[in-house]
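Enquirer: Quick one: sequence plus predicted model below, questions after.
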Amino acid sequence: MPTLFGLWVALVVALLLMPALALAQAVSDPTPLQYRSAEEEARFHALAAELRCVQCQNQSLADSNAQIAHDLRREVLTLMQQGNSDAQIKQFLVERYGEFVLYRPAMDTRNSLLWFGPLVLVLGGAGVLVWVVRRRSRQVQPMGDSEERW
């Protein structure tokens, strides 16, 4: 017969696990995607590899197991089967989720710092290094004949 303390501990554990159960997701897609041809499947996989999962952030749409990734893969395949081009599908997803969904966003004035920032930092660092080396080389005095050399 369970004790009152044992029941209390079981209740506390159950209450602590409730939020984790609410966040649980299905691991696999319940129904596989149906492709009309091998070319359509290849096009789908290439497009899914170019899109980012909006929940995972560091995985492509093809690699993610998040539920939203399953839904987006279905949406992409539906749009493909409706005759939309890759550019139209990408534009649809950008309008819905923003440029973040693209692994290779278009270059414009808003993100030009991301494209050219690393190059500017490397060139700036090289310029500072050259300046410091030249400045120090002017400060070094040549050794006279009377000074000892090691």
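Expert: Arrived safely, thanks for sending. Numbers count the residues shown, from 1 in each chain.

Enquirer: Which helix or strand lies directly C-terminal to the least confident helix or strand in the chain by mean pLDDT?
Expert: Every helix and strand in the chain was compared by mean pLDDT, DSSP states H and E; the lowest is helix 4-23, with a mean of 75. The helix or strand immediately downstream of helix 4-23 is helix 38-50, counting by DSSP states H and E.

Enquirer: packing partners for that following helix?
Expert: helix 67-81, helix 86-97 (3 or more C-beta pairs under 8 Å, 6 or more residues apart in numbering; DSSP states H and E). Backbone N, C-alpha and C define where each C-beta goes, glycine included.

Enquirer: With respect to Leu114, which of those helices lies nearest?
Expert: helix 86-97 (16.2 Å; C-beta to C-beta).

Enquirer: residues in contact with that closest one?
Expert: Applying C-beta atoms under 8 Å, 6 or more residues apart in numbering, the set of residues contacting helix 86-97 from outside is Arg43, Leu47, Glu50, Leu51, Val54, Leu72, Val76, Leu79, Met80, Asn84, Val101, Leu102.
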